[in-house]
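# starting from these lines, generate the structure:
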Amino acid sequence: MKSAMDVWKKASGQNIASNRKMRLCFGIIGYILVFCGISMQWWSAVRLYSVPLKYLCRGYSGLDEPMTRLEWKNGFDSLAELDSEASSMPLAELTKYIAQRTFGYVNGQGDNMANLLHASPSFWCKYLPECPVAPSTGELIDGYFYFHKDAVCGGGKVLVPGEKTNVGGWPGRSVSQVAHWNMGPRYLAGSWTDNRISCGDKRQVYEDFLQELAAFTGQLSDKQVKDAVSNFNIKCHNEKGPIRYAIGLGPTLSAFAFVFGVLSLICPGSAYISGTAKSFLVMGLAMTFIALWLVAWSVSNELGNYSFCRKRGYPLTANGTLFDSTPCIDHDSWGEDNYNPYAVWTAHIEGMYSSGCITVIVGLILCMVALWKQSESRVAQKFRIMVPDDEDGGL
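This next block holds a predicted model:
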């Protein structure tokens, strides 16, 4: 007759075999999902906060081209015609004057070179979306209420600059002649979302601007231009640092969990490797949840400035804008059914990152189950090799 110990050992052996199968099944599926999810996260995280400038320009003006050095030269030439003494102005005064007329800020808020990173697309893109319009509020001058004049355009160029415009509408500035998309307020000057644009693309535009500024004033050497561009590039990357850290830490921790988890499948008897894998699994899971919330929150806030207008027609929609002045995400300025390329890019990349997060979360949960089964097997194995205590006669 078999003893109770023999029966328990047989049962534990069956349990070890069952746990081994479950551990391998959950582990292999889980780590494949983690690997795929991490790949999706890294691919989209790099692009989510390094959007090519061409997508912003395409949405803003309907054309891809960023601002060119030739456009800046035309701008400084027109400034010289307007004010022959502009080139001899102190550099700080001159750059503030330029910022007031090109950054797109309203009511003079933030109109200095320190806010360059948050300038509107009118500074970064070659084409204006339409002929510049003067402020509609007017101004009280010598007891008379005076409305400023709009710019005059023709042949895809600004012919006569408007009064009090802030988008760089100098004579000769290129104006788009194709449909564009009305941009939400978060895309305009002072928006936090504008720091998602590639620092490399912004740096090139800034460098072209400074080179023409140096040629116009003669106050900047080549070395000073290079130093200023370098400082601008550092500042641009520093602004992106916190959010990049947050969305990059999750996949980094998950990658360590993946490595140690695979090692735990190869070396199931190592409690040290299993324990390390569990620690990284928990930390990776927590940071993935946080990163998912951050990205989903930021993008939903950004795209929340738009509305799906569909085929509602006039008067509910007109020229790509809903009747309540909300820009349409799916209608261009000519009222045709076209999606805003910048908003579509943002939604596509955010969807890829969110999908990667969800894939990683599911994979990490399966991996935790596999590690738990591995711990169960280790305990059962210890019980299986137990022998009766001989001190009391083997009873």
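
# low pLDDT regions in the stretch 201-350 of the chain?
268-269 (pLDDT under 70).

# tabulate the CA atom coordinates of stretch 157-164 in CSV.
The C-alpha coordinates for stretch 157-164 follow below in CSV (Å, rounded to 0.1, in the frame of the first residue of the first chain):
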residue,chain,number,x,y,z
LYS,A,157,2.8,86.8,-53.6
VAL,A,158,2.1,89.6,-51.2
LEU,A,159,2.1,92.8,-53.2
VAL,A,160,1.3,95.4,-50.5
PRO,A,161,1.8,94.4,-46.8
GLY,A,162,-1.1,94.7,-44.4
GLU,A,163,-1.1,96.9,-41.4
LYS,A,164,-0.5,95.4,-37.9
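
# ok, and what's touching it?
Stretch 157-164 has contacts (Cβ atoms under 8 Å, 6 or more residues apart in numbering) with 78, 128, 131-135, 139, 148-153, 169-175. (Each C-beta comes from the backbone N, C-alpha and C, glycine too.)

# check which residues of it are buried.
Within stretch 157-164, the residues scored as buried using 16 or more other Cβ atoms under 10 Å are V158, P161, G162.

# narrow those residues to those in strands?
The strands, defined by DSSP state E, take in V158 from the buried residues of stretch 157-164.

# could you dump the buried residues of stretch 157-164 to TSV with pLDDT and distance to G30?
Supplementary listing: the buried residues of stretch 157-164 in TSV, determined by pLDDT from 0 to 100; distance: Cβ to Cβ, whole Å:
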residue	pLDDT	distance to G30
V158	89	60
P161	83	63
G162	78	61
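
# show me where the stretch 151-300 of the chain has helices.
199-217, 222-266, 271-303 (DSSP state H, counting those that start in this stretch).

# right, and those helices - which one's nearest H331?
helix 271-303 (15.0 Å; Cβ to Cβ).

# and the angle from the closest one to helix 222-266?
130 degrees (axes from the mean of the first three to the mean of the last three Cα atoms, to 10 degrees).

# and helix 271-303, what does it pack onto?
helix 222-266, helix 341-384 (3 or more Cβ pairs under 8 Å, 6 or more residues apart in numbering; DSSP states H and E).

# neighbours of D208, how many?
The number of residues packed near D208 is 19, by other Cβ atoms under 10 Å.

# that one and P66 touch, don't they?
No: using Cβ atoms under 8 Å, D208 is not in contact with P66; the gap is 9.0 Å.

# touching, S87 and G218? I think so.
Yes: under the criterion of Cβ under 8 Å, S87 makes contact with G218 at 7.4 Å.

# quick one, which of these two is more surrounded?
Neighbour totals were compared for S87 and G218, and S87 leads with 16 against 10 (other Cβ under 10 Å).

# phi and psi next, for the more buried one.
S87 adopts backbone torsions of phi -70, psi -20, taken as degrees, to the nearest 10.

# distance of G169 from E130?
Distance of G169 to E130, given as Cβ to Cβ, to the nearest Å: 10 Å.

# check G172 too.
For G172, the distance to E130 - Cβ to Cβ - is 16 Å.

# coming back round to it: now tabulate the buried residues of stretch 157-164 in JSON lines and tack on distance to Y105.
Putting the buried residues of stretch 157-164 into JSON lines (distance: Cβ to Cβ, whole Å) gives the following:
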{"residue": "V158", "distance to Y105": "20"}
{"residue": "P161", "distance to Y105": "18"}
{"residue": "G162", "distance to Y105": "16"}
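
# any chance of the helices of the stretch 151-300 of the chain in JSON lines, with distance to C25 too?
Shown next, in JSON lines, are the helices of the stretch 151-300 of the chain (distance: least, Cβ to Cβ, whole Å):
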{"stretch": "helix 199-217", "distance to C25": "45"}
{"stretch": "helix 222-266", "distance to C25": "11"}
{"stretch": "helix 271-303", "distance to C25": "17"}
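
# which of the ones you listed sits closest to L117?
Of the helices of the stretch 151-300 of the chain, nearest to L117 by Cβ to Cβ is helix 222-266, at 6.0 Å.

# burial check on Y314, number of neighbours?
9.

# please apply the same query to S307.
Around S307 there are 19 residues (other Cβ under 10 Å).

# how about it, nearest residue that isn't a chain neighbour?
Distance criterion Cβ to Cβ, 6 or more residues apart in numbering; nearest residue to S307, sequence neighbours excluded, is T326 at 4.5 Å.

# do the same with T68
K126 (5.7 Å).
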